[in-house]
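S.K.: Sequence plus predicted model, see below.
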Amino acid sequence: MPRVLTQEECDRFDRGGYLVLKDAVSAAQLTAMRSQFDAWVEESRGHASDYGETVNGKPRFDLEEGHSAEHPRLRRVNAPVEAGPAFRAAMEDSRMTDAIADLIGPNVKFHHSKINSKLPSTRTEVKYHQDFTFTPHSNDDVITALLMVDDMDQANGCLRAVPGSHKGPLHSLWHGGRFTGAVDPALETDMAAKAVAITGKAGDVCLMHTRLMHGSEANASDQRRVLAIFVYSSEDAVPLSPNPMPNIDEGRVVRGGRTGRIRSISFDMQAPELPSGTSFFEQQEGR
């Protein structure tokens with residue numbers, strides 16, 4: 001299969017821990033995903049609390065506090081690949097998937113998916129963290145692909161990431177005996193000062209190393225910001241803790257084939273805690 005990324009782009013990802021790829025999905029795929037999400041927002045108007053069901057019995061749709069029929073606040077869709085064919089198609093077969101193989105392939109498997117949504121003037125923010133400390137694997141050839149379903153800019157709560165932080169230590173998300181899903185507040189202040197804004201147009205994707213420190217602010221604009229998030233790993237990276245987003249496609253090889261091998265690296269961290277509710281937002285909010 002022809003490469004999507006140049007060597008210079010791969011080197012840039014290695015140095016910084018992230019890479020923005022333009023037009024990562026087709027126009028038809030993007031239109032279908034936007035239409036599906038619009039339908040979910042409309043459906044959410046008829047619910048007063050989290051609803052739907054995933055394979056572990058937890059709700060699929062997470063509603064931010066203050067949600068109402070008049071002002072919907074759908075902030076998370078768990079495992080959208082299971083519920084929306086458009087999201088499955090993008091996960092399986094797109095320039096995004098091919099680019100993942102360029103970075104950690106040739107053998108690539110799928111781990112989980114979710115949608116993080118910031119509808120206009122909602123309060124949801126994401127405190128700084130590294131994904132690896134939520135989903136540790138035997139090695140860190142794990143990539144979070146943040147597909148921009150909408151334009152993403154600084155006004156509507158874009159991703160903010162700390163370049164090069166993927167080459168540094170793993171920072172604990174446990175504080176005072178509680179799994180907070182975020183780094184220590186003092187460290188967050190330092191990380192936020194070093195972070196850069198990751199922006200792009202609908203259809204672009206930010207490919208992010210699993211150890212990269214990142215967060216985001218609330219949406220202060222009248223434009224929504226929807227990210228479809230797909231997590232992939234090298235086929236020889238084995239999960240070391242339960243998937244926080246169990247799904248029927250976990251472990252499915254989407255590029256290359258199975259080797260039957262396990263590759264490991266040395267690291268030390270405290271095991272994560274699965275959220276008791278619908279999503280990790282509740283952990284970060286202290287609920």
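M.R.: Happy to help now that I have it.

S.K.: in the stretch 151-287 of the chain, which spans are strands?
M.R.: Secondary structure of the stretch 151-287 of the chain (DSSP state E, counting those that start in this stretch): strands at 159-161, 174-175, 178-179, 196-198, 205-209, 214-216, 225-234, 253-255.

S.K.: mean confidence score for the longest one?
M.R.: Summarised as a single mean, pLDDT over strand 225-234 is 98.

S.K.: Distance of the residue lying closest to residue 83 once chain neighbours are set aside relative to residue 116?
M.R.: Take residue 83 and drop its neighbours on the chain: the residue closest to it by CB to CB, 6 or more residues apart in numbering is residue 60, 6.3 Å away. Quick note: C-beta positions are derived from backbone N, CA and C, even for glycine. Plainly put, residue 60 is 14 Å away from residue 116 if you go by CB to CB, to the nearest Å.

S.K.: How about residue 217?
M.R.: Using CB to CB, which is the criterion applied here, residue 217 is 13 Å from residue 116.

S.K.: OK, contacts around residue 264?
M.R.: 138, 139 (CB atoms under 8 Å, 6 or more residues apart in numbering).

S.K.: burial count for the nearest residue to residue 145 once chain neighbours are set aside?
M.R.: Nearest non-adjacent residue to residue 145, counting by CB to CB, 6+ apart: residue 230, 4.6 Å away. A count of neighbours around residue 230, defined by other CB atoms under 10 Å, yields 26.

S.K.: Residue 230 pairs with what?
M.R.: residue 113, residue 145 (DSSP bridges).

S.K.: what's the closest non-adjacent residue to the most centrally placed residue in the chain?
M.R.: Using CA atoms, centre = their mean, the residue of the chain that lies closest to the mean C-alpha position is residue 229, 3.9 Å off. Leaving aside its chain neighbours, residue 229 sits nearest to residue 114 (5.1 Å; criterion: CB to CB, 6+ apart).

S.K.: swap in residue 43?
M.R.: Nearest non-adjacent residue to residue 43, counting by CB to CB, 6+ apart: residue 61, 7.9 Å away.

S.K.: Having no further points to raise, I will conclude here.
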